[in-house]
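[1] I'll drop the sequence and a predicted model, then ask my questions.
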Amino acid sequence: MRIALFITCFNDTMFPGTGRAVVEVLERLGHTVDFPQEQTCCGQMHFNTGYRPDAVPLVARFARTFADYDAIVTPSASCAGMVKENHPVLAAEYAPAALQRQVGELVPRVHEFTEFLTDVLGVTDVGARFPHTVAYHPTCHSLRGLRLGERPYQLLRAVKDLELVEVPAADSCCGFGGTFAVKNADTSSAMLADKTAGVLATGAEVLCAADNSCLMHIGGGLSRQGSAVRTMHLAEILAATEGGAQ
Amino acid sequence: MTNDRGVVWLDTPAFPEAARTALADTQLRANLKRATSTIRDKRLTVAAELDDWEQLRESAAAIKQHTARHLDRYLVQLEEAVTAAGGTVHWAADAAEANRIVTELVQATGESEVVKVKSMATQEIGLNEHLAEHGITAYETDLAELIVQLGDDRPSHILVPAIHKNRTEIRDLFRAEMGHWGQPAPEDLTDEPRELAEAARRHLRQKFLTAKVAVSGANFACADTGTVLVVESEGNGRMCLTLPETLITVMGIEKVLPTWSDLEVFLQLLPRSSTGERMNPYTSAWTGVTEGDGPSAFHLVLLDNGRTDTLADPVGRQTLGCIRCSACLNVCPVFERTGGHAYGSVYPGPIGAVLTPQLVGVEQAASLPFASTLCGACYDACPVKINIPEVLAHLRAKVVEAKDGHTVEGLAMKAAGKVLDSPRLLGAAQKAAALGGRALARDGKIGRLPGPLHGWTDTRDTPAPPAESFRTWWRKNREGGSS
Ligand code: SF4
């Protein structure tokens, strides 16, 4: 199976550790991962902010870059959702038939990282050890967009020495929402305050999720409050091993 | 106060500013949180009782889509059936026309008072204000509407218009204001719900017994029989619908259903989705007029007011399927923090964020499609499966289009698009961000910043971008070693 990593522009720039973790986990499971250098961005910011035509070249680039792979894996639920749901919409609206076809063929091969592990590779125990109390935040895109459901929990429960705790009102949005956090900063902050209070109530040492964007938002709030709770992408926890970096 | 189509309330500030007022009101936020979370849990419980809930939602969506496709036909059929049953149908293209029609109908009766059943359509067109200008007083009889009217306030929720008020605030309002509108509240009124309801009942009874004209909205109308329905919890609506001599119903054209039997679907979905009850206490249905039973004159005003324009939009038209259950409001994390007034419209919350801009034109409510994180909770809750996030994103594009891209944001998006369409430029931008970010950071974190990003940085730290992007790491460590 030819597996490509779609790191996403945001992770590439801000959270390269997540990409390294994904590579590590997949290689540990015996797979080879490729990183096509022509990749950039899924166009989510443009699409969600109303600049649809500006996202179209990115759709074309994505389709071109990943056309030859059997599986395209990404450690971002919201970017996976963008590709799966909105690339076909944009293609139908703006692109010639050839690209529409290409997008249509590609979409089923795009997988969010945890879903790729459980559904495609059929593993829940990736041989990780992480001796910490961990809370999982189901981001809106993993919860209601991709319907990841139990998958992240299954993976976390299989991690050795990890204690999983539940955030109260886990399914309520953290208030990030991309440009929402800037355009409606006050409302976003109010939502964030409730979310960080929930995280703190769990007593967790680490908060993880399948989207670094939401984690940056929640982690930024926790950090401003002087909290010691760390935020980590789920992949980084799955990459942690006995004797490895903790 | 009204736009050129006569839709009220667009004078409020844009959503982010309006929200700020609400966010600062801790009492309001506590009231909202309590009310929405209670009703949210109730809804989940009663929806889970039906094992065919998802099929019911599918059916509802299918019926609404079908009706929208043939709306012209069903409206004409409705008109024929209502007329055959002794009612009169009036067509109103916009708010101004609807207001004129209703005012003339009331004037023709010689009356100067009307009782009202809670109706969103008449709020949308500002009917009460219009009637007042012509010397006619409209008395709201829904308890929550009464609270709003006495407080010279605005509704903040579709189903619970006074959700922003708690019991003590309501008690104070009753004591201070009821006397000006009719029967005063008892001197020793407490904030016990039972006492409050009793005070309202006594206050309203006088109106029910004297009013000769009633104005209502409609939850549904069946094209095949000409039957109009109102569902409610208190029974005050039933009084309005049966006691007066003349009944005037103002109904958005999207409320029509093809047949009486379609109600089977909606009467299961609506109460569960709105109040979290298996069945609403009162369902009143009437077909034209019946001699010796109820009003002797019935007028149905069919209101367009932007609805056919909405129908013309293939993505936006699903919004017209809304049955105003308010489930989307109660699950919306934004509504829970800001309340309904921030939306500047009688339709608040997620449905308001998509419906209002379509009814009035996106330019006039340009901040509303952005008043959401696109978290999707509304779509999951909606009993008619309106894909609100999809419509929000669609309307955002329309807002941007209306501004023609010549904004700071538009230019920035164009520039970002150029960078993101080139791995080389992206790499360069990453280097610049790493340098710039690290220069700004202390202890690896970027703190408060002035300028356009202050909204973000006021409450959150941002990690400094790492020196090495993933693609650089890959090139150094894996390049050539794969596939
Ligand atoms: S959009 Fe759906 S959930 Fe919201 S009020 Fe309308 S029918 Fe109810």
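    On my side now, so go ahead.
[2] now B:Arg202: closest residue in space, sequence neighbours ignored.
    Spatial nearest neighbour of B:Arg202, excluding adjacent residues (Cβ to Cβ, 6 or more residues apart in numbering or on different chains): B:Gln183 at 5.6 Å. In short, each C-beta sits where N, CA and C put it, glycine included.
[3] in chain A, which residue sits nearest the ligand?
    Relative to the ligand, the nearest point of chain A is A:Arg144 (14.4 Å; Cβ to the nearest ligand atom).
[4] that residue reaches B:Asp380, doesn't it?
    Yes - counting by Cβ atoms under 8 Å, B:Asp380 is a contact partner of A:Arg144 at 5.8 Å.
[5] looking at these two, which is more packed in?
    Each of A:Arg144 and B:Asp380 has its neighbours counted (other Cβ atoms under 10 Å in any protein chain shown); A:Arg144 has more, 21 against 15.
[6] contacts only, for the more buried one.
    Going by Cβ atoms under 8 Å, 6 or more residues apart in numbering or on different chains, A:Arg144 touches B:Cys375, B:Gly376, B:Ala377, B:Tyr379, B:Asp380.
[7] how close does the last one sit to B:Cys332?
    Right, the one you point to is B:Asp380. Taking Cβ to Cβ, to the nearest Å as the measure, B:Asp380 falls 11 Å from B:Cys332.
[8] ok, the second one next?
    As defined by Cβ to Cβ, B:Gly376 lies at a distance of 10 Å from B:Cys332.
[9] quick one, which of the two is more surrounded?
    For B:Gly376 versus B:Cys332, neighbours defined as other Cβ under 10 Å are more numerous around B:Cys332 (28 against 21).
[10] tell me the phi and psi of that one?
    Main-chain torsions, B:Cys332, degrees, to the nearest 10: phi -80, psi 120.
[11] repeat for B:Leu105
    Dihedral angles (degrees, to the nearest 10) for B:Leu105: phi -60, psi -40.
[12] so it is in contact with B:His299, correct?
    Yes - B:Leu105 is within contact range of B:His299, at 5.5 Å (criterion: Cβ under 8 Å).
[13] identify the contacts common to those two.
    Taking Cβ under 8 Å, 6+ apart as the criterion, B:Leu105 and B:His299 both touch B:Thr246, B:Ile248.
[14] which residues sit in contact with the residue nearest the centre of chain A?
    When Cα atoms, centre = their mean is applied to chain A, the residue found nearest the centroid is A:Ser76 (2.0 Å). Applying Cβ under 8 Å, 6+ apart to A:Ser76 gives the contacts A:Thr8, A:Phe10, A:Asn11, A:Glu112, A:Ala210, A:Asp211, A:Asn212, A:Ser213.
[15] B:Ala81 - nearest residue in space that isn't next to it in sequence?
    With Cβ to Cβ, 6+ apart, the residue lying closest to B:Ala81 is B:Gly226, at 2.8 Å.
[16] right, and the pair among the contacts of A:Ser76 with maximum separation?
    A:Phe10 and A:Glu112 (14.7 Å; Cβ to Cβ).
[17] any residues in contact with both of B:Asp380 and B:Cys332?
    Shared contacts of B:Asp380 and B:Cys332 (Cβ under 8 Å, 6+ apart): none.
[18] B:Lys431 belongs to a helix?
    Yes - according to DSSP: H, G, I helix; E, B strand; the rest coil, B:Lys431 belongs to a helix.
[19] quick one: the closest residue to it other than its chain neighbours from A:Thr40, how far?
    Among residues not flanking B:Lys431 along the chain, B:Ser469 sits closest, at 7.9 Å (Cβ to Cβ, 6+ apart). Taking Cβ to Cβ as the measure, B:Ser469 falls 12 Å from A:Thr40.
[20] residue boundaries of the strands in chain A?
    Ranges of strands in chain A, per DSSP state E, are A:3-5, A:33-34, A:71-74, A:110-112, A:133-136, A:163-165, A:206-209, A:230-233.
[21] who does the last one touch, helix- and strand-wise?
    Strand A:230-233 sits against helix A:16-28, strand A:206-209, helix A:212-224, with contacts defined as 3 or more Cβ pairs under 8 Å, 6 or more residues apart in numbering or on different chains; DSSP states H and E.
[22] neighbouring strands - and their directions - for it?
    strand A:206-209 (parallel) (DSSP bridges).
[23] mind listing what's buried in the strand it pairs with?
    Buried residues in strand A:206-209, defined by neighbour count with 16 or more other Cβ atoms under 10 Å in any protein chain shown: A:Val206, A:Leu207, A:Cys208, A:Ala209.
[24] let me know the pLDDT of residue 198.
    Here I'm looking at chain A. A:Gly198 carries a pLDDT value of 97.
[25] sorry, should have said chain B
    pLDDT recorded at B:Glu198 is 89.
[26] after the helix or strand containing it comes which helix or strand?
    B:Glu198 belongs to helix B:193-210 when assigned by DSSP states H and E. The helix or strand immediately downstream of helix B:193-210 is strand B:213-216, counting by DSSP H and E.
[27] how much space separates the residue of the stretch 251-400 of chain B found nearest chain A from A:Leu207?
    Residue nearest to chain A within the stretch 251-400 of chain B (Cβ to the nearest Cβ): B:Thr373, separated by 2.8 Å. Relative to A:Leu207, B:Thr373 is positioned 18 Å away (Cβ to Cβ).
[28] again, but for A:Gly127
    Noted for A:Gly127: a distance of 23 Å to A:Leu207, by Cβ to Cβ.
[29] quick one: residues contacting residue 203.
    You didn't pick a chain, so chain A it is. Contacts of A:Gly203 by Cβ under 8 Å, 6+ apart are A:Thr133, A:Val165.
[30] try chain B instead
    B:His203 is in contact with B:Leu146, B:Met178, B:Trp181, B:Gly182, B:Gln183, B:Pro184, B:Ala185, counting by Cβ under 8 Å, 6+ apart.
[31] go again with 6 Å.
    B:Met178, B:Gly182, B:Gln183 (Cβ atoms under 6 Å, 6 or more residues apart in numbering or on different chains).
[32] just the buried residues from those, in ChimeraX please.
    Applying 16+ other Cβ under 10 Å to these, the buried members can be selected in ChimeraX as follows:
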select /B:178,183
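[33] got the residues of chain B near chain A?
    Contact residues, chain B versus chain A (Cβ under 6 Å from any Cβ of the partner chain): B:16, B:19-20, B:23, B:333-334, B:337-338, B:370, B:373, B:375-376, B:380, B:396-397, B:399-400, B:413, B:417, B:420-421, B:423, B:426, B:430, B:455-456, B:459-462, B:465-466, B:469-471, B:473-474, B:482-483.
[34] among A:Phe10 and A:Glu112, which residue is more densely surrounded?
    A count of neighbours by other Cβ under 10 Å puts A:Glu112 above the other of A:Phe10 and A:Glu112, at 28 against 20.
[35] how about that one: what's its closest non-neighbour residue?
    A:Ala80 (4.0 Å).
[36] hmm, that neighbour is touching A:Phe113, no?
    No - applying Cβ atoms under 6 Å, one finds A:Ala80 not in contact with A:Phe113, separated by 8.4 Å.
[37] would you mind listing what in the stretch 51-200 of chain B touches the ligand?
    B:Ile158 (Cβ under 6 Å from any ligand atom).
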